[in-house]
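**Q** model the following, please.
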Amino acid sequence: MDKIKLRQRRVKSITVKGTVDRPRVVIHRTNAHIYAQIIDDITHKTVVTATDLEVKKKLKPIEIAKEVGMLLGEKAIKAKLTKVVFDRRGFKYHGRVKALADGAREAGLQF
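**A** Numbers count the residues shown, from 1 in each chain. Below is the predicted model:
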């Protein structure tokens, strides 16, 4: 099986739901970019979003992912969100995904 089908299979086995108290942080990673958003699953609305396109620095990919996490955390704090649930959408928890989560924690989000 190719990588995409394996990831889609992992997504089906993992069910992460957000609540009113703890909305869901969803990430998506491509070879070139990384995206993160906080979604309220009750109202099905995106509350906060952050992407590496907003980071205007020339850094290594892991450092950019950490910056995106910190940016997401700062925006979430402004939106009065501190506790969230982390949904990695089938991506393995290492490298850029882990760096994004660490950056969000440094900014003040609690997983």
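
**Q** I'd like the distance from whichever helix or strand V97 is part of to the chain centre, please.
**A** In this assignment (DSSP states H and E), V97 forms part of helix 96-107. Here the centre of helix 96-107 is set off from its chain's centre by 8 Å, with C-alpha atoms, centre = their mean, to the nearest Å.

**Q** what does stretch 28-40 give?
**A** Averaging C-alpha positions (C-alpha atoms, centre = their mean) puts stretch 28-40 6 Å from its chain's average.

**Q** mind listing what's buried in that stretch?
**A** Applying a neighbour-count criterion of 16 or more other C-beta atoms under 10 Å, the buried positions in stretch 28-40 are R29, I34, Y35, A36, Q37, I38, I39. To be clear about C-beta, it is placed using only N, CA and C from the backbone, and glycine gets the same treatment.

**Q** and of those, the nearest to K83?
**A** When the buried residues of stretch 28-40 are compared for distance to K83, the smallest value, 11.0 Å, is given by I38; criterion: C-beta to C-beta.

**Q** the closest one belongs to a strand?
**A** Yes - per DSSP: H, G, I helix; E, B strand; the rest coil, I38 lies within a strand segment.

**Q** now the helices for the chain?
**A** Residue ranges of the helices in the chain, as given by DSSP state H, are 3-13, 61-78, 96-107.

**Q** would you format the ones you listed as JSON lines with distance to R88, mean pLDDT and mean neighbour count included?
**A** Putting the helices of the chain into JSON lines (distance: least, C-beta to C-beta, whole Å; pLDDT from 0 to 100; neighbours: other C-beta atoms under 10 Å) gives the following:
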{"stretch": "helix 3-13", "distance to R88": "9", "mean pLDDT": "83", "mean neighbour count": "11"}
{"stretch": "helix 61-78", "distance to R88": "12", "mean pLDDT": "96", "mean neighbour count": "21"}
{"stretch": "helix 96-107", "distance to R88": "6", "mean pLDDT": "96", "mean neighbour count": "20"}
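
**Q** could I get those helices as CSV with distance to R22?
**A** Shown next, in CSV, are the helices of the chain (distance: least, C-beta to C-beta, whole Å):
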stretch, distance to R22
helix 3-13, 20
helix 61-78, 12
helix 96-107, 13
